[in-house]
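A.B. asks: Just a sequence and a predicted model for now, questions to come.
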Amino acid sequence: MNKLNIKRPFFMFNPKSYLYGKELLELAIEADKQAEKYPEMSIFVTAPFADIEMISKSTHNIIVTSQHMDGIIPGRGMGHILPESLYNAGARATFLNHAEQPLKLNEIISSIQRANDLGIITVLCADSIVEAKALAMLKPDIILCEPTELIGTGKTSNASYVEKTNSAIREVDKNILIMQAAGISTPEDVYNIIKMKADGTGCTSGITNAVNPKEMLVNMIEAAYEAFNND
């Protein structure tokens, strides 16, 4: 199956398990409005598995994203996340190997293959420059470069890390899109990371813990768009 086209810059709102149900739906609908406003960029929204179908049916422009997916086929697999089930619910992208859900190499390989079979975009997480370069050999659609120790700290990756990971991945495969998102907590962080030649970025706690999460989401999306389009 064909995958959705990923447009640069892209922004991912990844609320993890901070939000669910109606509260998450309200922000997903706002993200959908922004995706309609900025058709030149892609906006992803991740959701807990039980909320994927609800969000997919209530939106038209965002790329609804799963937090994880297992590389299994229909049949046995009690307790695992079946790719066909995610696709049927409306997910068109999935995270793989996040620091909070790490995978073994063989699991990553099988998950990417199953995602490719169904036309699901893969967002593969890498902790270090060495890991990013190695995982690029597996040809995911996006590599999220995010040092584990910076997740949720509000401290972003430094310019040297961003430059080196960008270069390492592009040396292996120029078609892989690069996401830099460690510690993103303000629109300024978003702007700066896109200016450092990342294809996209995203945020969790900077939005979910904001005084006005909807306003922060909008401001971050605007910052990504402006950084990419202003020389």
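C.D. replies: Sure thing, it's come through.

A.B. asks: now for the least confident helix or strand in the chain by mean pLDDT, which elements pack on it?
C.D. replies: For the chain, the helix or strand with the lowest mean confidence is helix 159-172, at a mean of 90 (criterion: mean pLDDT, DSSP states H and E). For helix 159-172, the elements it packs on are helix 129-136, strand 142-145, strand 177-180, judged by 3 or more Cβ pairs under 8 Å, 6 or more residues apart in numbering; DSSP states H and E. Every C-beta, even on glycine, is put in place using the N, C-alpha and C of the backbone.

A.B. asks: Highest average neighbour count across those: which stretch is it?
C.D. replies: strand 142-145 (a mean of 26; mean count of other Cβ atoms under 10 Å).

A.B. asks: circling back to that earlier point, right, so of the helices and strands packed on helix 159-172, which gets closest to Ala223?
C.D. replies: strand 177-180 (13.8 Å; Cβ to Cβ).

A.B. asks: Let me know how buried Pro147 is, in neighbour terms.
C.D. replies: Pro147 has 19 neighbouring residues, counting by other Cβ atoms under 10 Å.

A.B. asks: how close does the residue nearest to it when sequence neighbours are not counted get to Tyr191?
C.D. replies: Once flanking residues are discounted, Pro147 sits nearest to Ala182: 5.5 Å by Cβ to Cβ, 6 or more residues apart in numbering. Separation of Ala182 from Tyr191 (Cβ to Cβ, to the nearest Å): 16 Å.

A.B. asks: What is the distance between the least confident helix or strand of the chain and the centre of its chain?
C.D. replies: Remark: helix 159-172 is offset 18 Å from the chain centroid, using Cα atoms, centre = their mean, to the nearest Å.

A.B. asks: now swap in stretch 90-102 and tell me
C.D. replies: Here the centre of stretch 90-102 is set off from its chain's centre by 8 Å, with Cα atoms, centre = their mean.

A.B. asks: Name the residues of it that are buried.
C.D. replies: Gly90, Ala91, Arg92, Ala93, Thr94, Phe95, Leu96, Asn97, His98 (16 or more other Cβ atoms under 10 Å).

A.B. asks: Can I get it as PDB, trimmed to CA atoms?
C.D. replies: Extracted C-alpha coordinates of stretch 90-102, given in PDB (Å, rounded to 0.1, in the frame of the first residue of the first chain):
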ATOM      1  CA  GLY A  90      -7.000   4.800  11.100                       C
ATOM      2  CA  ALA A  91      -3.300   5.000  12.100                       C
ATOM      3  CA  ARG A  92      -1.100   5.900   9.200                       C
ATOM      4  CA  ALA A  93       2.200   6.200  11.100                       C
ATOM      5  CA  THR A  94       3.800   4.600  14.100                       C
ATOM      6  CA  PHE A  95       6.700   5.200  16.500                       C
ATOM      7  CA  LEU A  96       9.200   2.300  16.900                       C
ATOM      8  CA  ASN A  97      11.900   1.800  19.500                       C
ATOM      9  CA  HIS A  98      11.000   4.800  21.700                       C
ATOM     10  CA  ALA A  99      13.100   5.000  24.900                       C
ATOM     11  CA  GLU A 100       9.900   4.100  26.800                       C
ATOM     12  CA  GLN A 101       9.200   1.100  24.500                       C
ATOM     13  CA  PRO A 102      12.600  -0.200  23.200                       C
END
